[in-house]
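In: Show me the folded form of this:
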Amino acid sequence: MKLARREKYFVSAAALFIAIYFLFQFFIFPFFETRRRVERGVSAKEDNLKEIARLSSEYHRYRRSS
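Out: Coordinates of the predicted model:
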């Protein structure tokens, strides 16, 4: 089956669109989702560490006053 030049362009454009869709769907979006999840995890760990440091200083202050 021989395609006309215009049909070849249409098929090429459709294939390019599908390739770009799969690239975003399976590589780009998961990468950014993982990155965002890791950043949220790091932020939560930083908050926990600040709380631990605050409690530690409070504990040492109580210990010195006893």
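In: CA atoms of stretch 56-66 as CSV?
Out: In CSV, the C-alpha atoms belonging to stretch 56-66 read as follows (Å, rounded to 0.1, in the frame of the first residue of the first chain):
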residue,chain,number,x,y,z
SER,A,56,16.6,17.5,73.4
SER,A,57,17.5,21.0,74.5
GLU,A,58,14.4,21.1,76.7
TYR,A,59,15.4,17.7,78.3
HIS,A,60,19.0,19.0,79.0
ARG,A,61,17.6,22.2,80.5
TYR,A,62,15.4,20.2,82.9
ARG,A,63,18.2,17.9,83.7
ARG,A,64,20.5,20.8,84.6
SER,A,65,17.8,22.4,86.8
SER,A,66,17.2,19.2,88.8
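In: what's the average pLDDT for that stretch?
Out: The average pLDDT for stretch 56-66 rounds to 93.
In: chain center to it: distance?
Out: 40 Å (C-alpha atoms, centre = their mean, to the nearest Å).
In: now do stretch 10-23
Out: On the basis of C-alpha atoms, centre = their mean, the separation between the geometric centre of stretch 10-23 and that of its chain is 25 Å.
In: That stretch - what's its average pLDDT?
Out: Computed over stretch 10-23, the average pLDDT equals 98.
In: which residues touch it?
Out: With contact meaning C-beta atoms under 8 Å, 6 or more residues apart in numbering, stretch 10-23 is reached by Leu3. C-beta coordinates here come from the backbone N, C-alpha and C atoms, glycine included.
In: Which positions within it qualify as buried?
Out: Using 16 or more other C-beta atoms under 10 Å as the test for burial, stretch 10-23 gives no buried residues.
In: Only alpha carbons, please: show that stretch as PDB.
Out: Only the C-alpha atoms of stretch 10-23 are listed here, as PDB (Å, rounded to 0.1, in the frame of the first residue of the first chain):
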ATOM      1  CA  PHE A  10      -0.200  12.700   8.800                       C
ATOM      2  CA  VAL A  11       1.000   9.200   9.900                       C
ATOM      3  CA  SER A  12       4.400  10.700  10.900                       C
ATOM      4  CA  ALA A  13       2.700  13.400  13.000                       C
ATOM      5  CA  ALA A  14       0.400  10.800  14.600                       C
ATOM      6  CA  ALA A  15       3.400   8.600  15.500                       C
ATOM      7  CA  LEU A  16       5.300  11.600  16.900                       C
ATOM      8  CA  PHE A  17       2.300  12.600  19.000                       C
ATOM      9  CA  ILE A  18       2.000   9.000  20.300                       C
ATOM     10  CA  ALA A  19       5.700   8.800  21.100                       C
ATOM     11  CA  ILE A  20       5.700  12.200  22.900                       C
ATOM     12  CA  TYR A  21       2.600  11.000  24.900                       C
ATOM     13  CA  PHE A  22       4.300   7.800  26.000                       C
ATOM     14  CA  LEU A  23       7.500   9.700  26.800                       C
END
